[in-house]
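1. this is a predicted model, with the sequence first.
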Amino acid sequence: MRLFSLAAAVLLAAVVSAPTASAAELREVTGFGSNPGALRMFEYVPDGLPEGRPVVVAMHGCTQDAAGYGTGAGWVELAERAQFTLVLPQQEQLNNANRCFNWFQAGDTARGSGEAESIAQMVQHALGETGGDPARVYATGLSAGGAMTAVMLAAYPDVFAGGGIVAGVPFGCATSVVDAFTCMNPGKDRTPEQWGEAVRGASSHQGPWPTLSVWHGTTDSTVAPANQRELVEQWTDVHGIPATPTSTDTIAGYPHEVYADSSGRTLVETVAITGMGHGQPIDPGSGEEQCGQAGAYLLDVDVCAAWHLSESWGL
């Protein structure tokens, strides 16, 4: 059954739409593929965008829409500023009563099927339409959108060079609505190898694997912060590196851990937003590192996760 209970939707991230001042600049794309997951595709392509530019897929949380998340999280303004194509998948109530991506349903998370395949088709359409660089495609999302980001990185590791998960859960954590509750809070404690096997089993891909940045509030009571650690264990195992940071510092005063390979390349990183609850870190303003518009679950904590992700990806 594809409908998700109201209670589960609230737990996953009852995100209301942010102001959509830039919505008129977004456009809906139809006919992007067979769309087995029955999602809608919205896209922001800066005027005069040259060929060979990156593509970013940004996925909203429950009850949110594509335009609201794209604007509120700061991705629309960053796409214009840094000149890349922004793809914004949108869930529909016919699929899920509260417009949560169905990250816990096998039919929507397996390669080649359901919502995951629909999102992959959006990427291919955007690349073909804009002449984008297929080696520079990235995925990110908040809460249920963060969980769906984990799905895309696992099921389509050949498509994505990297991802940014905000308040999400590891791939393969849940296979039902009931199971999703445990994944969210208190979270599941598995070995790094168990988590890694879930990713390796999602496709025939042998590497290289997408890089991963994980952002989470330390006081998140909706999706437990323990999920950040489990994501680190999952993706360091996939990359074949220790789940021990090679360096630590801060980003905007918040603890930042880096997990690098022997050459010093960052493969996994975490940012723990001290004192933040469930939501997307933003920093409204006109400064170079600022972006986003405050709203429900779009939290002004003086750091914009979207900007830092765009920088780490070299957009």
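-> Done, it's in. Numbering: from 1, shown residues only.
2. I'd say Pro134 and Gly128 touch.
-> No - checked against C-beta atoms under 8 Å, the pair Pro134 and Gly128 is beyond contact range at 9.8 Å. (Glycine included, C-beta is placed from N, CA and C.)
3. neighbour count: the two, which is higher?
-> Pro134 (14 against 11; other C-beta atoms under 10 Å).
4. report the contact partners of the more buried one.
-> The contact partners of Pro134, by C-beta atoms under 8 Å, 6 or more residues apart in numbering, come to Leu127, Val159.
5. separation between it and His125?
-> Distance, Pro134 to His125, by C-beta to C-beta, to the nearest Å: 12 Å.
6. host element of Thr250?
-> strand 247-251 (DSSP states H and E).
7. which stretches in the chain count as strands?
-> Ranges of strands in the chain, per DSSP state E, are 27-29, 40-44, 55-59, 85-90, 137-142, 162-166, 211-217, 247-251, 254-260, 266-273, 280-282, 298-300.
8. okay if I get those as TSV plus mean neighbour count?
-> Output for the strands of the chain, formatted as TSV (neighbours: other C-beta atoms under 10 Å):
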stretch	mean neighbour count
strand 27-29	13
strand 40-44	22
strand 55-59	30
strand 85-90	25
strand 137-142	30
strand 162-166	28
strand 211-217	25
strand 247-251	12
strand 254-260	18
strand 266-273	22
strand 280-282	30
strand 298-300	21
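9. so what's the closest residue to Pro36 other than its chain neighbours up against?
-> Nearest-residue entry for Pro36: Glu117, 5.2 Å, with adjacent residues in sequence omitted and distances by C-beta to C-beta, 6 or more residues apart in numbering. Contact analysis of Glu117 by C-beta under 8 Å, 6+ apart lists Ser34, Pro36, Gly37, Arg111.
10. what's the answer for Ala150, then?
-> Applying C-beta under 8 Å, 6+ apart, the residues contacting Ala150 are Trp103, Gly163, Ile165, Gly168, Val169, Pro170, Phe171, Leu231.
11. and the first one, what does it touch?
-> By that I understand Trp103. Contacts of Trp103 by C-beta under 8 Å, 6+ apart are Thr109, Ala144, Ala147, Met148, Ala150, Val151, Val169, Ala174, Ala180.
12. reformat these as JSON lines; add distance to Lys188.
-> Shown next, in JSON lines, are the contacts of Trp103 (distance: C-beta to C-beta, whole Å):
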{"residue": "Thr109", "distance to Lys188": "16"}
{"residue": "Ala144", "distance to Lys188": "17"}
{"residue": "Ala147", "distance to Lys188": "13"}
{"residue": "Met148", "distance to Lys188": "18"}
{"residue": "Ala150", "distance to Lys188": "13"}
{"residue": "Val151", "distance to Lys188": "16"}
{"residue": "Val169", "distance to Lys188": "8"}
{"residue": "Ala174", "distance to Lys188": "8"}
{"residue": "Ala180", "distance to Lys188": "11"}
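13. what's the closest of those to Leu88?
-> Met148 (12.5 Å; C-beta to C-beta).
14. tell me the phi and psi of Arg111?
-> Backbone torsions for Arg111, taken as degrees, to the nearest 10, come to phi -60, psi 130.
15. out of the contacts of Trp103, which comes closest to Ala272?
-> Of all the contacts of Trp103, Ala272 sits closest to Val169, with 16.0 Å by C-beta to C-beta.
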